[in-house]
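*Asks:* need a structure here:
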Amino acid sequence: MTIESLHAATQYSDYKGGAAADRADGVAPAEWLRQKGHINNSEFLVGIDFSVGENHGVHRDPVHVTFLIFDAGSYDTVAEHIASLPVDEPVPVRRVSLELTLAEFFALFKRVNVTLTPLEVMQGRAYSYAD
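*Replies:* Numbering: from 1, shown residues only. Below you'll find the predicted structure:
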């Protein structure tokens, strides 16, 4: 059994930050996984790990996407099940790892925002500017 955490990191992690995304109006990630036969009706998407391999000035598809799947029985109990687990124990998930084009990955979302900074003191910090 391998234990990992849902935490972004690269080889050097020169830039760190955060990300947020809105589900697509058409086919959001969980629905897309169901349509492709990767998850069933009692399983739920609880995390996504998106990685781009080594680029040297030019992006080349594919990108690597790992979907973390939790079997909870019903949508109403997913958070309840996870919250009931001891905090010091890992959440048992099934991983679905796929290679997608960058366009296929971003098509799963309506909007995506990523922030990156090389300075830890800038993470979440308010800033002002004049145009």
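
*Asks:* next helix or strand past the one helix or strand in the chain whose mean pLDDT sits lowest?
*Replies:* In the chain, no helix or strand scores lower on mean pLDDT, DSSP states H and E than helix 78-84, which sits at a mean of 88. The C-terminal neighbour of helix 78-84 among helices and strands, as given by DSSP states H and E, is strand 94-100.

*Asks:* Okay, buried residues for that following strand please.
*Replies:* Val96, Leu100 (16 or more other C-beta atoms under 10 Å). All C-beta spots, glycine's among them, are computed from the backbone N, C-alpha and C.

*Asks:* can you tell me which residues contact Val46?
*Replies:* If a contact means C-beta atoms under 8 Å, 6 or more residues apart in numbering, then Val46 has Leu68, Ile69, Phe70, Val78, Ile82, Val91, Val93 as its contacts.

*Asks:* Now the first one: closest residue in space, sequence neighbours ignored.
*Replies:* Excluding the flanking residues, the one nearest Leu68 by C-beta to C-beta, 6 or more residues apart in numbering is Gly47, at 3.6 Å.

*Asks:* Can you give me the pLDDT of that neighbour?
*Replies:* Reading off the confidence values, Gly47 has pLDDT 96.
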